Structure formats: C-alpha cells, structure tokens
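Asker: Based on what follows, work out the 3D shape:
(one chain, ligands or ions: 1)
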Amino acid sequence: MEELYSEDYEKSARKVTQKGLRRLIATELLPNGAYAPVKGIYDIGWREWESLPAADYVRELRRLDDELIKENETWILGLAPLVYKGELNLEQIRLLEFESYINANDTLALRIAAHAFDNSKNREIRDIILRHASEETGHGELKADFLVNAFGMDLEKDIWNGTSALEDYNRERVYLEGTNEALKRLKKASPPLAYAIIPFLERCLPRLDRMKAEGYRKQYGFPAKYLTFFDLHTYVDIYHERLGLYVIGKYATTRELQDLVRDAVLASRENRTKAMMALYNYISRYR
Ligand SMILES: [Fe+2]
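Answerer: Prediction:
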C-alpha cells in the first residue's frame, strides 16, 4: 500500500509551508509549528529581559557568575580548557565525555521536565519548561554518537547500560547540581525560580563547547562529522540562558528571593567545581 504521505510530500510541504509561515509570523517557530515560549526569545539579539522588573538583579547575577567562571575556569568549563590545549590523552577524553554523558547530557531533559509538575498551574512557566526539556531531548544521543564514532563504544552495551565511576571519584556526591540545599530552599519559596537556575547555569556552555570543538579538531584531529554535539552547543545554549534570564527577571522581585537565587547559583557552581576537580583526579590515574 502506498504511504499516505510520501517523503517528497513531507519535504516539499515542510519547506514551502515554513517559508510561507515565516512571512506571516514574526517570531520563530519549531519545525513542528510550535511558537517559541516567549515571543522573540529565539530571535537573534533578543534583549527584552532588560525591561523586566528584576533586570538590575539579573545583571548583577550575571556579573557574579562571570567572576565565578573566571576564578574556576577549568572546573566550571568542565575541563574544556585542557581539551583546548590538548592536555588530556584519548582515554582521559573518553572518560570525561562518557561521565558527562551519563551524569549530565543523558539526564538533563528529565531534570528539567520534573520542574513542570511544580509549575503545572503556571501556564507560561510550564510551557517554557516543557519546550526546554524537548530541546534537550536527543542531545545526549549526539554526545553518544561522539563516543561511538571516536572510541568505538557500543551504544547499548557501553553507553546506555554503562555505569558511571561517580562513586569512585566523587566523594562529595555533588555532581548533580539539582541536589543542593540552597536549591531546595529556593524551590519552596518559588518553583519558577528553582527551574530558572538550570537554564541560567547553561550560560557557560557555548564557551565550553567552542573550546572543545576547536580542541577536538586542532589537537586531536577528530573530523567534523564526529563533532555535531559540540558544534551545536557553540550556540544553542545562548537561547537556554535567555530562558533563565527571563524567568529570573520576572520573578526575582524581592530581596528574599534574590538572596535565595544567589545562594542557589553559588552552591551549584561550587558543587560543579568540586565535582570536576574530583573527576579530574579520577581521570589523572589514566596517564
Ligand atoms: Fe541547553
């Protein structure tokens, strides 16, 4: 039986319709036709967060985070500066990317989506969260492609069913940024702000992945077709930071909430620093 919609139909309908829709709708649409959760937030140069009630606080928070990143660059940027300089050997890179797959890339969409239930009555925030979660879905598989192509790992056996060495290297068990006390306090006070910490912290990722993309090319000679995850993340998290800026700018309107947000950012960055130091110690055994 002939398929109802042929591949040619899909191709041309999507192309022609999208082109037409773009003329009618000023703001960006997903390929499936959904609006961006906040009008224009995925457009180049969006700065509307600057007119939100807590914009000054958001500016201050970004400056603070810039400082934290600068002081702990190697750790907060997930060892990317070492990749950039070619200081890790191939086995260390395999371990680094595998651990980041297991502990971050593979679980991020779920960690985000879990916040939808705490915000189910807040239509705007709920939709921001679900859209964000959907965009993180499948990014883990791009990272898995790198591990398969560059290191010959088996997707099902070694990656999906592989085990993290977390217990070995992470004495503080602080890897997951979602588990700190400051975040729990923030969640009690404001579920939207507790979610917003995740996309806000993603602001370091475009730089991190740009360093990795360049390091993997220049220092290790990996071909472009292995590097989709890293190339894509040189820009996608520009938009995810914006989701954080928007929610914080809108909701962090009291001194009390601002203090809780700052505590959550500080604790999360500190946890990441400790965890990446511990991961570095672990991979240092593989000289
Ligand atoms: Fe992201």
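
Asker: Is it correct that Trp46 is in contact with Leu243?
Answerer: No: using C-beta atoms under 8 Å, Trp46 is not in contact with Leu243; the gap is 11.0 Å. Where you see a C-beta, it was placed from the backbone N, CA and C, and this is true even at glycine.

Asker: higher neighbour count, those two?
Answerer: Leu243 (29 against 20; other C-beta atoms under 10 Å).

Asker: Report the contact partners of that one.
Answerer: Contacts for Leu243 were tallied using C-beta atoms under 8 Å, 6 or more residues apart in numbering; they are 37-38, 41, 128, 132, 196, 199.

Asker: what about the closest residue to the ion within the stretch 151-287 of the chain, neighbour count?
Answerer: Nearest residue of the stretch 151-287 of the chain to the ion (C-beta to the ion) works out as His240 at 3.8 Å. By other C-beta under 10 Å, the residues close to His240 number 22.

Asker: to the chain's geometric centre, what's the distance from the helix or strand where it lies?
Answerer: When elements are assigned from DSSP states H and E, His240 belongs to helix 236-251. Mean-position distance between helix 236-251 and its chain equals 12 Å (C-alpha atoms, centre = their mean, to the nearest Å).

Asker: I figured the residue of the stretch 151-287 of the chain closest to the ion was touching Ile197, is that so?
Answerer: No: the pair His240 / Ile197 is not scored as a contact, 11.9 Å apart, by C-beta under 8 Å.

Asker: Find the nearest non-adjacent residue to the one residue in the stretch 51-200 of the chain that gets nearest to the ion, please.
Answerer: For the stretch 51-200 of the chain, the residue closest to the ion is Glu136, as judged by C-beta to the ion, at 5.6 Å. Leaving aside its chain neighbours, Glu136 sits nearest to Ala109 (4.0 Å; criterion: C-beta to C-beta, 6 or more residues apart in numbering).

Asker: now the strand or helix carrying Ala267 and helix 236-251, what's the angle there?
Answerer: Assigned by DSSP H and E, Ala267 belongs to helix 255-284. In terms of direction (axes from the mean of the first three to the mean of the last three C-alpha atoms, to 10 degrees), helix 255-284 departs from helix 236-251 by 150 degrees.

Asker: Determine the set of other helices and strands touching helix 255-284.
Answerer: helix 55-71, helix 73-76, helix 90-100, helix 166-169, helix 181-189, helix 191-201 (3 or more C-beta pairs under 8 Å, 6 or more residues apart in numbering; DSSP states H and E).
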